[in-house]
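K.L.:
A predicted structure for the sequence below; I have some questions about it.
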Protein chains: 2
Amino acid sequence: MASSNPEEARSRGADCDLLFGEPGLIREVLGALPRLIWVQATWAGVEPLLGPGARRDYLLTNARGVFGGLMSEYVFAYLLLHERRILERYQAQQEHRWDPAETGMLRGKRIGLLGVGSIGSELARTAKHFGMTVAGYTRTSETCPDVDAYFHGPSLREFASSLDYLVSLLPGTPETRHLVDASLLAALPPRAVFINVGRGSAVDEKALAEALKGRKLGGAVLDVFEQEPLPPEHVFWSTPHLLISSHTAAPSFVKDVAQLFIENYRLLLEGKPLKYQVDFERGY
Amino acid sequence: MASSNPEEARSRGADCDLLFGEPGLIREVLGALPRLIWVQATWAGVEPLLGPGARRDYLLTNARGVFGGLMSEYVFAYLLLHERRILERYQAQQEHRWDPAETGMLRGKRIGLLGVGSIGSELARTAKHFGMTVAGYTRTSETCPDVDAYFHGPSLREFASSLDYLVSLLPGTPETRHLVDASLLAALPPRAVFINVGRGSAVDEKALAEALKGRKLGGAVLDVFEQEPLPPEHVFWSTPHLLISSHTAAPSFVKDVAQLFIENYRLLLEGKPLKYQVDFERGY
């Protein structure tokens, strides 16, 4: 059953054993589905279905795998924008000014990935394509062949210390809350640019605004925020060296997610493990 | 001998058999070097050393191969900028406005390369990385494995008719002059974006400005122009949907070009053919 109307979903729901839809809408009907065995979320972020007291007696799978390519386009759009000084050149053009200032390049630069799952692996592959070196910070895994150096646990500041770009792909869990804080930002070289395409809660937003205002950081690109849409009074609207992309980095395209649902549905019928099952305990 | 001072070059030059430098400076001393056998240009464009009456009794090699990666960073910076609506989102940010308008993506789009040499091949490789299809328009060659479909001769408009992006990599020769004219621009779909990183003379600039003003084209990104720097009164400064990057797409980095010189110098000593020899007749 796929529906965007919670009322309709509730009334029809009693018989449902499968749900396919947005986590926020699914939360509203979750209590009224006694026969539920599987939920396929159309998004990567399933926070609405987690947290203390949330129902856990069903299989929850989220939309992963399908975002790698889109995220890669997003992240490298902004990395290249930065190297190429496109906004500065655009400003010069508005002033009818020829601007031959030399350009930078990605080749030889170092990118750090906070979290290396399916999206991180795709970013690493694109980084290698452009001749970058790749550092990965993970809990324990070291499985991506495009990561040149892995870091874990207490080596977080060491991981950060030599980066040109730091990309957070962290999910929103109690463990990742404010992992990107003043101390981590201070460990980055002042040239470094921070990009957040994970979840807003992983970043101490006040500390980031301070670092940018104090020119302790080369810049930041934020797609996600603690509160979305970003409230009108938020400090980020007037923070320098910051680009805001309003949670557009990786929309769920219907075709991709439908394909994933079909694939998982077949696995379910065959009694096999589903793809991208969410661990209620870990939260991703 | 490497020198940026033509006077000094002229006085020392009589003994020289090799020259390594900028084409414009080399032209000034070319008549005073009776023993000259080889010139390694530090740029790709060697127009100053061509043309009627130019000396041709020496080997001329230009800087190729070294620009592919940089050009790829440049072209994909602007392709991704376009898909991601970064300038529109930047404008929204200036107005403190959350802008969740959906993004485009390169995956599945079609790029056409006018000229497929070492730079075109590198662009094709990056296009395939991002899941695009690649069309190539060349004189005769069909050697790049990343080009999905080749076009030659009179099929220029057919080549153009299905493109999302058209990239000109054409050198500045009599044959390529105004190859990108009103008729070719009219053959492009109205959504298409034109990028010129070859030579300005390949484009009929008046026709391009008209096409952009009439919204016959999705946009244009120009790194090169018939006259550089672009004169203050040029129509392009006030043409809509046009981005100007002031001939910064692929600077010659000293390290890259020096390496090429060393490589060619060794080949010369061994009596082998040099890399990237310029055909005085064809002009590239």
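P.N.:
It's in.
K.L.:
excluding its backbone neighbours, what's nearest whatever residue of the stretch 151-284 of chain A ends up closest to chain B?
P.N.:
Nearest residue of the stretch 151-284 of chain A to chain B (Cβ to the nearest Cβ) works out as A:Pro229 at 3.9 Å. C-beta: built from backbone N, CA, C; applies to glycine. Excluding its sequence neighbours, the residue lying closest to A:Pro229 (Cβ to Cβ, 6 or more residues apart in numbering or on different chains) is B:Trp98, at 3.9 Å.
K.L.:
Show the pLDDT at the most centrally placed residue in chain A.
P.N.:
Centrality entry for chain A: nearest residue to the mean C-alpha point is A:Gly198, 2.4 Å, by Cα atoms, centre = their mean. On the pLDDT scale, A:Gly198 is placed at 95.
K.L.:
Phi and psi next, for it.
P.N.:
Backbone dihedrals for A:Gly198, given as degrees, to the nearest 10, come out at phi -90, psi -110.
K.L.:
Let me see the contact set for the nearest residue to it once chain neighbours are set aside.
P.N.:
Spatial nearest neighbour of A:Gly198, excluding adjacent residues (Cβ to Cβ, 6+ apart): A:Leu170 at 4.1 Å. When contacts are counted by Cβ atoms under 8 Å, 6 or more residues apart in numbering or on different chains, A:Leu170 is found next to A:114-115, A:176, A:179-180, A:198-199, A:202.
K.L.:
Check those residues for burial and list the buried ones.
P.N.:
A:114-115, A:176, A:179-180, A:198-199, A:202 (16 or more other Cβ atoms under 10 Å in any protein chain shown).
K.L.:
Now, those that are in strands?
P.N.:
Of the positions in the buried ones among the contacts of A:Leu170, A:Leu114 sit in strands, assigned by DSSP state E.
K.L.:
was I right about the residue nearest to A:Pro229 contacting A:Leu230?
P.N.:
Yes: the criterion here is Cβ atoms under 8 Å, and B:Trp98 meets it with A:Leu230 at 5.9 Å.
K.L.:
Looking at these two, which is more packed in?
P.N.:
A:Leu230 (23 against 17; other Cβ atoms under 10 Å in any protein chain shown).
K.L.:
so what's A:Gly112 up against?
P.N.:
A:134-137, A:159-160, A:163, A:165-167.
K.L.:
in the sheet, who's paired with it?
P.N.:
A:Ala135, A:Leu166 (DSSP bridges).
K.L.:
Tell me the spacing between it and B:Ile119.
P.N.:
30 Å (Cβ to Cβ, to the nearest Å).
K.L.:
Can you give me the buried ones in stretch A:73-90?
P.N.:
A:73-86, A:89-90.
K.L.:
re earlier: burial of the residue of the stretch 151-284 of chain A closest to chain B, as a residue count?
P.N.:
With other Cβ under 10 Å as criterion, A:Pro229 counts 13.
K.L.:
still on that earlier bit, who touches both of B:Trp98 and A:Leu230?
P.N.:
With Cβ under 8 Å, 6+ apart as the test, B:Trp98 and A:Leu230 both reach A:Ser246.
K.L.:
Need the residues that contact stretch A:238-247.
P.N.:
Outside stretch A:238-247, the residues within contact range by Cβ under 8 Å, 6+ apart are A:74, A:78, A:209, A:212-213, A:215, A:217-225, A:228-230, A:236-237, B:84, B:86, B:89-90, B:92-93, B:96, B:98-100.
K.L.:
end to end, how far does that stretch reach?
P.N.:
18 Å (Cα to Cα, to the nearest Å).
K.L.:
which bits of the stretch 101-250 of chain A sit near chain B?
P.N.:
Selection of the stretch 101-250 of chain A residues close to chain B by Cβ under 8 Å from any Cβ of the partner chain yields A:101-103, A:105-107, A:126, A:129-131, A:228-230, A:232, A:237-238, A:243-249.
K.L.:
can you rerun that using 6 Å?
P.N.:
Residues of the stretch 101-250 of chain A found near chain B (Cβ under 6 Å from any Cβ of the partner chain) are A:102-103, A:105-107, A:129, A:229-230, A:237, A:244-246, A:248.
K.L.:
how deep is the closest residue to A:Thr103 other than its chain neighbours tucked in, by neighbour count?
P.N.:
Excluding its sequence neighbours, the residue lying closest to A:Thr103 (Cβ to Cβ, 6+ apart) is B:Thr248, at 5.0 Å. The local packing of B:Thr248 (other Cβ under 10 Å) involves 17 other residues.
K.L.:
Need the pLDDT of B:Thr248.
P.N.:
At B:Thr248, the pLDDT value in this model is 96.
K.L.:
got any ranges where the stretch 51-200 of chain A has weak pLDDT?
P.N.:
Across the stretch 51-200 of chain A, nothing is flagged by pLDDT under 70.
K.L.:
In it, what residue spans correspond to strands?
P.N.:
For the stretch 51-200 of chain A, the strands defined by DSSP state E, counting those that start in this stretch occupy A:59-61, A:110-114, A:133-137, A:149-151, A:165-168, A:193-196.
K.L.:
JSON lines for those strands, including distance to B:Arg64?
P.N.:
Putting those into JSON lines (distance: least, Cβ to Cβ, whole Å) gives the following:
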{"stretch": "strand A:59-61", "distance to B:Arg64": "50"}
{"stretch": "strand A:110-114", "distance to B:Arg64": "28"}
{"stretch": "strand A:133-137", "distance to B:Arg64": "26"}
{"stretch": "strand A:149-151", "distance to B:Arg64": "33"}
{"stretch": "strand A:165-168", "distance to B:Arg64": "29"}
{"stretch": "strand A:193-196", "distance to B:Arg64": "31"}
